[in-house]
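# 3D, please:
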Amino acid sequence: MRYGIGVGLVIAAALLWSMQGLIFRQIDMAEPWAILFWRSLGMIPVIALFILWQDGRHGLRGLWWVGFAGVIGALGLIFAFGGAIYAIQSTTIANAVFLFSASPFITALLGWAVLGEKVRGRTWVSIGVAAIGIAVMVQGGLDRGALPGNIAALCSAAGFSVFTVTLRRSATAAMPIVLLGGIFSLIAGAGGAWLSLTPLVVPVADLGWSLGMGAGTLAFGMVLYSLGSRVVPAAELTLISLLEVMLAPLLVWLVIGETVSQATLLGGVFVLGAVLLNATGRASRSKAAALA
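Residues are numbered from 1 along each chain as shown. Sure thing, here's the model as predicted:
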């Protein structure tokens, strides 16, 4: 797979994920643990069918061969999925996704420390530009009363970074790791609901939104992101996925009128600029190498 195709797949994943905030706002009564359970249940069969289509039954056996690194990546997805759900349920979509944007910084450090993966100068510059955009958006957007949601969002960012770095180390077992993460998240949702005495039985509408989100935006987004990870370095993966940060608040503003400030719009321009700077820089280098 070429680098440009990988970038396109990761961008498509970010576009799908950006729709999830809007879907969350359609859920009325379900608690975070129940959403985690039912969303994971919707995700698991789609990922399993994709593995069967791609590699047959041999692919599903990969669940037993992911190794220690794969288990760590799957556990990271519990924090990525669960933290995101709690954060979005506890604060605004914009506030949550701004904090998800810590992923590139965490991923860059993990990729360097664990994989020995060099971060290109242009990528660091792009991360810096994105950080400016995040700072512009966040300056008036962090509610003082939303500390638990903010912590959950940062945990989600860290969990997603662990998963991303794991994919770079175990790219051949990417989808089994995603499937294992879905299974772990299903168990975590059931266990969390039991410990917190919250019901897993939810209204039919909430059930439909949760299952649909898992089978649609989440599962297909994970498929695209995992495929793209085969050729896109870890730090760049989460940088490109920052498109979600810009689009998710805009969608809930356009469709249901959830407030998006001017700072959000301005910061989104910086984030998009960072993504384009990094992607065009890599494309130029590839083209130059091809002509050499």
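# please enumerate the helices of the stretch 151-292 of the chain.
174-196, 204-213, 219-228, 234-240, 243-256, 262-291 (DSSP state H, counting those that start in this stretch).
# what mean pLDDT does the longest one get?
The predicted model gives helix 262-291 an average pLDDT of 65.
# show me the shaky parts of the stretch 101-250 of the chain.
137-147, 170-173, 234-235, 238 (pLDDT under 70).
# any idea how far the spatially most central residue of the chain lies from S229?
Centroid-nearest residue in the chain: F160, 6.1 Å away (criterion: C-alpha atoms, centre = their mean). Using C-beta to C-beta, to the nearest Å, F160 is found at 12 Å from S229. The way it works is simple: take the backbone N, C-alpha and C, and place the C-beta from them, glycine included.
# residue contacts, E258?
Contacts for E258 (C-beta atoms under 8 Å, 6 or more residues apart in numbering) come out as 25, 92-94, 249, 252.
# out of those, who has the most neighbours?
P249 (29 neighbours; other C-beta atoms under 10 Å).
# okay but that residue is in contact with S18, surely?
No: applying C-beta atoms under 8 Å, one finds P249 not in contact with S18, separated by 9.0 Å.
# ok so, going back, just checking, the residue nearest to the centre of the chain touches I78?
No: contact criterion C-beta under 8 Å: F160 and I78 do not qualify, at 11.0 Å.
# circling back to that earlier point, chain neighbours aside, what residue packs nearest to the residue nearest to the centre of the chain?
Distance criterion C-beta to C-beta, 6 or more residues apart in numbering; nearest residue to F160, sequence neighbours excluded, is A80 at 4.1 Å.
# okay, and the one you found sits in which element?
Per DSSP states H and E: A80 is located in helix 67-90.
# buried sites along that helix?
Neighbour-count burial for helix 67-90, counted by 16 or more other C-beta atoms under 10 Å, picks out 69-70, 72-90.
# what angle sits between that helix and helix 243-256?
Per axes from the mean of the first three to the mean of the last three C-alpha atoms, to 10 degrees, the angle that helix 67-90 makes with helix 243-256 is 30 degrees.
# adjust the sequence numbering to begin at 17 for everything that follows.
All set: I'll call the first residue 17, so the last point we hit is now helix 83-106.
# centre of the chain versus helix 83-106, how much separation?
The chain centroid and the centroid of helix 83-106 are separated by 10 Å, computed with C-alpha atoms, centre = their mean, to the nearest Å.
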